[in-house]
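Q: Would you be able to build a 3D model of this:
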Amino acid sequence: MVTVSDLVAVPALQLRVTAGGSTPSTALRWVATSELVDPTPYLEGGELLLTTGLATRDWSAEWATYVDRLANAGAAALGLGTGLTHARVPDALVVACRERGLTLVEVPKATTFVAVSRAAAELLQDQEAASARLALDHQRRLTRAALALDVRPLLVRLAGLLGATVALVHRDGELAEGPLGRARGALDLAVVRAEVARIRAHGLAAASTTVREGVTSVVRPVGVAGRPQFYLAVAVTGQLDDPGRSAVATAGVLLSLVIERRTDRRAAERRLR
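A: Take a look at the predicted model:
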């Protein structure tokens, strides 16, 4: 995740946080530029909005409405270019941002908005590449664990990679393996059973993600065909990032293959008796 703090930390930009010092860790999705009095129809959320305040030269109380709109639209931060319309950041704007918890960044005249946008794009690109590398590493480690053809090593590896609690449950919600992981109490079996019951009728086509009290829980079916007999349950404190979601999906596929192979082997052994 790229944050406003990451962008502010780029030395060449010389950006300065003037309000919202407790919230620059907000995720940054993109950079937008607008001189509109109300730019929110053109925002999707998560942007650093850059402006020189061209239409705000004589504003005072109006800043509160402007900041309210940005905060309600989910903007990550507001960047005001100084040295043009405003010689410095207006006090009323600082107050409004503090009251709404919106991070306010001063962009000096020497720093172009293009430079800010380029730096943000590079950070986002680097983060995406790092996520892809981590997802591939997770995939390789899980695949090696699956070579044992046993569900437990695979579950242990998944728990270790994500710092999560994991379990394999039957379609009736009863435990088949686990829970495994350091914080075993993070996995609420009542939640898992409720989600299994909710998605069970949809077979292999449905999975579930819930967030309760800061814990993200994922339940997904395990199987290669027909009605799933097992479900993989994963609980992690906080959010599950893209590499984490990819790891859960990979583990689900590998568990399906391991269980299918185990079932075939047992059937072959019965035929030989």
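Q: just so I have it, where are all the strands in the stretch 51-200 of the chain?
A: Per DSSP state E, counting those that start in this stretch, the stretch 51-200 of the chain carries strands over the ranges 77-81, 103-107, 165-170, 175-180.
Q: Need the residues that contact the first one.
A: Residues outside strand 77-81 that contact it (C-beta atoms under 8 Å, 6 or more residues apart in numbering): 4, 15, 20, 24, 26, 28, 48-53, 67, 70, 86, 89, 93, 97, 102-109, 111, 113, 116. C-beta coordinates here come from the backbone N, C-alpha and C atoms, glycine included.
Q: Any of those buried? List them.
A: Buried positions within those, assessed by neighbour count (16 or more other C-beta atoms under 10 Å), are 4, 15, 20, 24, 26, 28, 48-53, 67, 70, 86, 89, 93, 97, 102-107, 111, 113, 116.
Q: Check what pLDDT the closest residue to residue 14 other than its chain neighbours gets.
A: If you skip the residues right next to it in sequence, residue 14 has residue 108 as its closest partner in space, 5.3 Å away by C-beta to C-beta, 6 or more residues apart in numbering. Residue 108 is assigned 97 on the pLDDT scale.
Q: In contact with residue 108, which residues?
A: Taking C-beta under 8 Å, 6+ apart as the criterion, residue 108 is in contact with 14, 15, 16, 81, 82, 83.
Q: From residue 124, how far out is the second one?
A: Spelled out, that is residue 15. Separation of residue 15 from residue 124 (C-beta to C-beta, to the nearest Å): 16 Å.
Q: relative to strand 103-107, how tilted is the helix with the most length in the chain?
A: Longest helix in the chain by number of residues, with DSSP state H as the criterion: helix 113-146. Relative orientation of helix 113-146 versus strand 103-107 (axes from the mean of the first three to the mean of the last three C-alpha atoms, to 10 degrees): 130 degrees.
Q: quick revisit: now the strands of the stretch 51-200 of the chain as JSON lines including distance to residue 139?
A: Formatted as JSON lines, the strands of the stretch 51-200 of the chain follow (distance: least, C-beta to C-beta, whole Å):
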{"stretch": "strand 77-81", "distance to residue 139": "35"}
{"stretch": "strand 103-107", "distance to residue 139": "36"}
{"stretch": "strand 165-170", "distance to residue 139": "16"}
{"stretch": "strand 175-180", "distance to residue 139": "20"}
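Q: Of the ones you listed, which is nearest residue 214?
A: Evaluated with C-beta to C-beta, the strands of the stretch 51-200 of the chain place strand 165-170 nearest to residue 214, the distance being 13.7 Å.
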